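K.L.:
pasting the sequence and the predicted coordinates here, then a few questions.
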Amino acid sequence: MSPVKASTMDVDLEDVFGNPVAELYEAAVGPDASPALARALELRSFLALTEEQVARVRDRVHADMDPGRDMGELSADKLRSDAQWLEAALDARDGYRAALGELLRTMPPPDQHARPVSMTQLKATATLPRPAAPAPPRAGAARARRT
């Protein structure tokens, strides 16, 4: 088993599903894994990757701004670029956190198995009344314009 990178939503996942994240990944490949668990872990993986990107950019900016660093190495263009990367990574992180949080709030409890829903298709049967008299042969036809 490969090590699982931590995410800020791991505690929430463990609370909802009742097992550590590493065990949840093992359970997700089992024959009776719930679709909600698979979706939650997929979102969690995206979140962990995005949070890693945020940390990389943050660490790079911190290193560039280190007080012991030569001031001649500072680059406004590089810092602007890092700010754009950080903004994109933070937006993605916020989106994944919101999606995962919404999934955890709205999914059925993990111990509740989905029941098959019986769908009956209703068939409408109606008989139209017969017209009292047959329609003339050109009934409803557009009249030709006279010039």
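P.N.:
Yes, it's here.
K.L.:
how many residues are close by Leu41?
P.N.:
Per other C-beta atoms under 10 Å, the neighbour tally for Leu41 reads 21. C-beta here means a position set from N, CA and C on the backbone, and glycine is covered the same way.
K.L.:
for Ala40, that is, sorry about that
P.N.:
By other C-beta under 10 Å, the residues close to Ala40 number 24.
K.L.:
Glu14 too?
P.N.:
Neighbours of Glu14 using other C-beta under 10 Å come to 14.
K.L.:
for Thr50, same thing?
P.N.:
A count of nearby residues for Thr50, using other C-beta under 10 Å, gives 21.
K.L.:
surely it touches Ala89?
P.N.:
Yes: at 5.9 Å, Thr50 counts as touching Ala89 under the criterion of C-beta atoms under 8 Å.
K.L.:
so which residue is smack in the middle of the chain?
P.N.:
Closest to where the C-alpha atoms of the chain average out (C-alpha atoms, centre = their mean) is Ala99, at 5.1 Å.
K.L.:
show me where the protein dips below the pLDDT cut-off.
P.N.:
The chain contains residues with pLDDT under 70 at 1-3, 109-147.
K.L.:
in it, which spans are helices?
P.N.:
Secondary structure of the chain by DSSP state H: the helices cover 10-17, 21-28, 35-64, 76-106.
K.L.:
alright, calling it a day.
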